[in-house]
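S.K.: the amino acid sequence is not available; the structure is as follows:
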């Protein structure tokens with residue numbers, strides 16, 4: 001096995017990183033697409049700062065490296081992928097004597113390991129997006145689906161749900177645990193009919209009750225359902 005496997009990748013609240021022999025690759029998920037001119041990046045041989053204008057959801061990232069980088073060869077870009085958050089990707093070349101490399105213990109000193117926040121995601125059976133206080137979940141269901149077809153139950157403590165549709169046996173029974181807890185009384189669902197035989201949309205608005213205890217991200221959750229982590 002790879003003796004350095006444990007330090008080749010990591011996650012913190014606002015970013016995730018991959019370490020190669022000669023560089024680090026950093027991915028910072030964004031709540032919306034931005035242009036390069038909105039990215040504020042300042043890097044010295046020993047320090048890193050990144051912020052994005054107009055995104056109050058994103059806390060500026062700053063810290064001191066475990067080693068040194070070559071700030072003259074840093075590159076970054078804003079990337080967009082279907083079904084995922086847009087992101088800023090940064091490549092940081094390490095500074096080391098020619099022909100040698102050093103594996104660092106991590107990227108920035110003092111940054112605690114934590115699942116990285118996501119603002120939206122598309123998985124096989126549903127898509128979701130999150131704001132500070134709620135999640136919006138959308139599921140495509142067969143034309144003609146009515147409220148009587150919807151079987152939705154929350155766990156008493158708001159930590160999970162069970163969902164199925166009588167009109168859509170292929171959807172099956174969906175059960176899972178949220179990353180945090182939701183306030184059932186403040187949550188709601190709607191059915192939006194499709195046009196001309198198109199699938200209808202089941203929309204579920206989930207009000208957040210409290211942040212997940214394992215997260216350092218305050219009101220932002222790393223995802224909607226804990227089961228999603230297995231698909232990463």
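M.R.: All right, it came through fine. All figures in this text were calculated on a predicted structure; none of them were measured in a lab.
S.K.: please make it C-alpha for all contacts and neighbour counts, starting now.
M.R.: Will do.
S.K.: just give the strands next to the longest strand seen in the chain in its sheet, each with its orientation.
M.R.: Identified as the longest strand of the chain according to DSSP state E is strand 200-210. Under the criterion DSSP bridges, strand 200-210 sits next to strand 134-141 (antiparallel), strand 181-182 (antiparallel), strand 188-192 (antiparallel) in its sheet.
S.K.: most packed of these?
M.R.: Comparing those on average neighbours per residue, with mean count of other Cα atoms under 10 Å, the densest one is strand 181-182 at a mean of 22.
S.K.: show me where this structure has its helices.
M.R.: Defined through DSSP state H, the helices belonging to the chain form an empty list.
S.K.: low pLDDT regions in it?
M.R.: Counting by pLDDT under 70, the ranges of the chain that qualify are 1-6, 210-218, 229-232.
S.K.: for the most centrally placed residue in it, which non-adjacent residue is spatially closest?
M.R.: When the chain is reduced to its mean C-alpha position, the closest residue under Cα atoms, centre = their mean turns out to be residue 118, at 1.7 Å. Spatially, and ignoring its direct neighbours in sequence, residue 118 is nearest to residue 222 (5.3 Å; Cα to Cα, 6 or more residues apart in numbering).
S.K.: still on that earlier bit, off-centre distance for the longest strand of the chain?
M.R.: Per Cα atoms, centre = their mean, to the nearest Å, the displacement of strand 200-210 from the mean C-alpha position of its chain is 17 Å.
S.K.: mind putting the strands paired with strand 200-210 in CSV, distance to residue 24 included?
M.R.: Converted to CSV, those look like this (distance: least, Cα to Cα, whole Å):
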stretch, distance to residue 24
strand 134-141, 32
strand 181-182, 35
strand 188-192, 43
